[in-house]
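# Give me the fold of what follows.
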Amino acid sequence: ITPDGLTLLITEAGNYRLRSLNLCTGKGTTCPAGLNEAWTASGAVKTLLGSPSSVEGYADGVGTEVSFTYISGVDYLPDGKTLLVSERGNMVIRTVSVASGL
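The predicted structure follows:
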């Protein structure tokens, strides 16, 4: 979950990408008590990093220019500005600047 608590980060190991689920789509900046309708709203789920065509590999870049092989985890560093992304297939831990990578 992002530091603001509004977005869930999802690793898709077999699709080689990092996705997000906006928990408050269409609800402004404050989350309602019931989130079910927000999950199905248009634009709630999007690809942040990785190939939209599910192609594996190893490439740095921004957004869909990045390629992964079996993402196995993601977490924020304490600064809230950097993600660590672990890849099982490439056996690496990569850093992502939230400002430029997302």
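# contacts for the host helix or strand of Thr47?
Secondary structure assigned from DSSP states H and E places Thr47 in strand 45-50. Residues from elsewhere that reach strand 45-50 (C-beta atoms under 8 Å, 6 or more residues apart in numbering): 9, 12, 15-22, 63-64, 66-68, 71, 85, 96, 101-102. Every residue, glycine included, has its C-beta placed from N, CA and C.
# Apply 10 Å and report the result again.
Applying C-beta atoms under 10 Å, 6 or more residues apart in numbering, the external contacts of strand 45-50 come out as 7-12, 15-22, 25, 39, 56-57, 59, 61-68, 71, 74, 83, 85, 94, 96, 98, 101-102.
# repeat for stretch 51-64
Outside stretch 51-64, the residues that touch it by C-beta under 10 Å, 6+ apart are 12-17, 47-50, 65-70, 87, 89-90, 92, 94, 96-97, 100-102.
# Could you list the low-pLDDT ranges of the protein?
Low-confidence segments of the chain (pLDDT under 70): 25-43, 100-102.
# mind redoing it with 90?
Flagging of the chain using pLDDT under 90 yields the residue ranges 1-56, 59-67, 76-83, 96-102.
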